[in-house]
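>>> one predicted model, sequence on top.
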Amino acid sequence: MITKPSKTLYLSIESRLADVALVGHAVRGVCACSPLKEEAYGEMEVCVVEALNNAITHAYRKEEGYRVDTAITLHHDRISFAISDCGKAIEQYAPRSLEFDPEVIGSIPENGMGLFIIETIMDEVSYSSNNGRNTLSFCRYFTQPQA
C-alpha cells in the first residue's frame, strides 16, 4: 500500500497570549484538509491553544519577546501537533488527573486543566525537554488504532 507523504505547516509566534488565536485559526484550516469531522476541528484548536497558553504562561512566565513554535502535520492516518519553546521545562511531566466534584462549582480548579484537556482529547501525548528546547507533542488518529 502506498501512503501519501506527510505535510507539515510550521508557525512561529512571539510569546504574547494575544497572538495565540492566529495559530488556533490555522489549526482549523489544516483540519479542513483532513478526514476529521468538522466537530473535531474545535477540539484540535482547543488543545493547541491550551499548549501555547501553557508555554507562554509557564515556560516564559508571560514575558514577551520569546518564540513559541508550532508544527501541524497531516499524516495519512492522523494529525499531529508539536508545540516548542525554550523556556522553563515542565518538572516531572506525568499524565494529569483532576480531583473535583463536578456538582460543586467551587471545587472545579481555575488553573492546571490545560494538560488534562489535551490528554483527554488526544490519542497520544508526549513531552520532551532536550538541550534547552521543550516540546509537547500530541496527535489524533483519523480512525481509532487497532488494539
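Sure, I can see it. Here the structure is a predicted model, which means the values were calculated and not measured. Numbering: from 1, shown residues only.

>>> residues near residue 141, how many?
A total of 15 residues lie near residue 141 under the criterion other Cβ atoms under 10 Å. In short, each C-beta sits where N, CA and C put it, glycine included.

>>> next structured bit after the helix ranked longest in the chain?
Identified as the longest helix of the chain according to DSSP state H is helix 38-54. Using DSSP states H and E, the helix or strand that follows helix 38-54 towards the C-terminus is strand 67-74.

>>> strands paired with that next one, and their directions?
Sheet partners assigned to strand 67-74 using DSSP bridges are listed as strand 7-14 (antiparallel), strand 78-85 (antiparallel).

>>> what's the most buried one of those strands?
strand 78-85 (a mean of 22; mean count of other Cβ atoms under 10 Å).

>>> by how many degrees do that strand and helix 38-54 diverge?
Direction vectors for strand 78-85 and helix 38-54, defined by axes from the mean of the first three to the mean of the last three Cα atoms, to 10 degrees, enclose an angle of 10 degrees.

>>> can you show me the CA trace of strand 78-85 as PDB?
Output of strand 78-85 as PDB, limited to C-alpha atoms (Å, rounded to 0.1, in the frame of the first residue of the first chain):
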ATOM      1  CA  ARG A  78      -3.500  11.100  11.900                       C
ATOM      2  CA  ILE A  79      -3.000  14.800  12.500                       C
ATOM      3  CA  SER A  80      -0.100  15.700  14.900                       C
ATOM      4  CA  PHE A  81       0.900  18.800  16.700                       C
ATOM      5  CA  ALA A  82       4.200  19.800  18.300                       C
ATOM      6  CA  ILE A  83       4.500  23.000  20.500                       C
ATOM      7  CA  SER A  84       8.000  24.000  21.300                       C
ATOM      8  CA  ASP A  85       9.600  26.700  23.500                       C
END
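
>>> that older thread, residue 44: which of the strands paired with strand 67-74 is closest?
Across the strands paired with strand 67-74, residue 44 has its closest neighbour in strand 78-85 (6.7 Å, Cβ to Cβ).
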